[in-house]
Structures are given as C-alpha cells and as structure tokens.
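*Asks:* Pasting the sequence and the predicted model now:
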Amino acid sequence: MKALVYTGPENLVFRNADNPTRGVGEVIVKVESVGICGSDMHAFLGHDERRFAPLILGHEVAGVVVDGPNIGHRVTLNPLVTCGSCAACTSGHENLCPDRQIISMPPREGGFAQYVAIPEANLVRVPDGFPLEKASLVEPVACGWHAVRLAQSALDKDMPDVRALVIGGGAIGVGAGLSMMAFGVKDVTILEPNEIRHQYLSQTTQMHVVNLKDLINGAEFDLVIDAVGIIATRKMASKIARPGAVIMHIGLGAAEGGLDIRRMTLQEITFIGTYTYTAEDFRVTAHAIFDGRLGALDWIEKRPLSSGQRAFEEIHAGKMAAPKTVLIPEHRE
C-alpha cells in the first residue's frame, strides 16, 4: 500500500509500506479520509518522543471495512485501543486505561495510509450518504464533547445561562464550541488570533469569533475551554475565569506553566484536565454529528494524501484557514 511516513523532524515521505495485518478481533479498513491533528504536528516537528520515526501518523480516520466482519460497512474509527478489563475500562473510563494504545503511536501504525488495522469494537457505522470526510471529524469533536460533558457536572449554572469562551479556533476548539451549543449553551465565543482563520470561522460558524484586541478588558466567563494548552493560554484562562468558574484544559502544547494558582485557589476556580473521550462519548458524538446537531461541518479543507508534506508545512506556517485539513488517499488497483 501507499502511506505517508514520518521519517524524521519536518519530513514526511509518500512511499510504499507493508499492508497491515489484522489481529484477533480486528478488521482492516480502507482509509477514505484522515484528518491532521495537532498531535500529528507535534510529531512532525520532532516534539513527541512517543512517536518516533519511521512511523505512519494519523488517527482521525473514516473508511470502509474490507477484511474481517461486516465487509463493506462505512465506518469511523475510535483510535483508542484499550484492554477492556481494568478498573478504568469496566467503569466506563476507557480513556484512562493504563494499557491504552492509539493508532499512530508505536506499536500501532496510523491512518495516513491506504489501509489500517483496528479492533472491530472500535468502529462506529456511518450512515449511507453521509460524507466520510466529515465522518473523520468525529474523533476531534469527541474531545470537545467529552470536555463539555465533564464541565456540565462541575458548573454552578444551567447550560443555557453559561457564558463560555474557547481559546483556540482549531478543530478541537471549534468542536468544543459546537458541543457546548448542542448542550444548550447560548453564549459561546471563540478566541482565534490568526487573522486568516479568524475570518474563515466568522464566515463558517455560528459562534462569536474574536481576537485578543476584541476581548473586553475585565471580561469574565463561567466556562473557559483551553484548546491550545500553552503557558500564555493557561495564564489567560486563569485571568478571565470568573470566581467559581470552570476551566477545561484539552490542549497540551506545553507541559507546564501559566496557571495562576493563587487566584484559582482564592476564587475557587475549578481546573479539569481532559484526555480524549470515553467509548460512549465517541459513539454519542458520532450520532450527534450524523443527526446534524453539530452543524454542517463545512470547515474542512481536503488535500490528497500524497501532498501531505505540503499540507503540514502550510498548517505550521499558519497559512491554512480551515480548522481541519483532511487527507484523502487515492485507491488505484
């Protein structure tokens, strides 16, 4: 098969690779669309020691089952592979499984390829007629859905009364904003400093999009979702969360620094770290997308898998307007 292989920092090579083999309980999926995630970018830049070359990246996948049970089913993939038997898994917190794996991280190859192996239990069927490039958005949107669900239980207000801010207008941030709207939040603002993406989001979403100069001095929010996760955004979240507010931390661009622990303690601001999603969150998000509850999802840009190197370079340079770039493998006999 053809695959886009990470071979070293800032280098992806479109080349031949071994076809995946399916293990017990697994299927082979022909990849029809695969999104570029921020974690793929970290690996591309050489910033993720867990993802070492050579490796096929990509975990936001939709496609068609071609080997194993249910051949022909159109599916989207939950990329988290868990043990199913530990305390986390049996209590519905599979994302915290100590033995979890994810496609695109050794020992599992990812979806920047024509085919990928995945446990059958990780599949969610996509309705006929629903575009597979949009079905690949289930994974990033599920991260936001999971965060909003956790926030709902921690907030001291009903969701329609919540004033919310999302820091970062990438796919994770946009997905979190759309998830909040699906949960009933009426006042959602997205902070996106990149002017190209700022304009794009203003035209393609129903959310209020602002840049730094548009934020009112002294503004405070009931719920802040940090979809970037660097020192500056954590510092901002600590500052603009009102007393008693909730900060949800999804992004992890930098591991430490930024939080104003003194203010958070004195003002009883809740900080919750959130990692991916549970299996149930993934399924619920998928059906919310298929039912149209998260909008048209027309904020993607499609590129051929063979031009993946250029797509990564444009994203890194801030030249990609769409929050999500989806790579499309070519399948030729």
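*Replies:* Okay, I see it.
*Asks:* so where is the stretch 201-333 of the chain shaky, pLDDT-wise?
*Replies:* 332-333 (pLDDT under 70).
*Asks:* Domain-wise, how is the chain divided?
*Replies:* Here the domain parsing of the chain from automatic domain parsing is 2-137+297-328, 141-273.
*Asks:* On the three-state scheme, the residue nearest the centre of the chain is what?
*Replies:* The centroid of the chain falls nearest to P140 when counting by CA atoms, centre = their mean (2.3 Å). When classified by DSSP: H, G, I helix; E, B strand; the rest coil, P140 comes out as helix.
*Asks:* tell me the contacts of the residue nearest to it when sequence neighbours are not counted?
*Replies:* Counting by CB to CB, 6 or more residues apart in numbering, the nearest residue to P140 once its immediate chain neighbours are dropped is A171, at 4.3 Å. No exception for glycine: its C-beta is placed from N, CA and C like everyone else's. For A171, the contacting residues are G35, C37, L137, P140, V141, W299, P323, K324, by CB atoms under 8 Å, 6 or more residues apart in numbering.
*Asks:* OK, contacts around the fifth one?
*Replies:* By that I understand V141. Per CB under 8 Å, 6+ apart, neighbours of V141: A171, G175, L178, S179, T285, I289, L294.
*Asks:* State the phi and psi torsions of the residue nearest to P140.
*Replies:* phi -60, psi -40 (degrees, to the nearest 10).
*Asks:* Any figure for the gap between it and V34?
*Replies:* Distance of A171 to V34, given as CB to CB, to the nearest Å: 13 Å.
*Asks:* same thing with V27?
*Replies:* V27 is 16 Å from V34, by CB to CB.
*Asks:* Tell me which of these two has more neighbours.
*Replies:* Legend: neighbour count by other CB atoms under 10 Å for V27 and V34, higher for V34 (33 against 23).
*Asks:* Tell me the secondary structure at that one.
*Replies:* strand.
*Asks:* surely it meets P329?
*Replies:* Yes. Counting by CB atoms under 8 Å, P329 is a contact partner of V34 at 7.5 Å.
*Asks:* got any residues that touch both of those two?
*Replies:* Here V34 and P329 share the contacting residues L305, scored by CB under 8 Å, 6+ apart.
*Asks:* how long is stretch 245-257 from one end to the other?
*Replies:* 20 Å (CA to CA, to the nearest Å).
*Asks:* Contacts for it next, please.
*Replies:* Applying CB under 8 Å, 6+ apart, the contact partners of stretch 245-257 are 38, 42, 143-144, 147-148, 150-151, 154-155, 168, 172, 176, 220-231, 233-234, 237-238, 241, 264, 267, 269-274.
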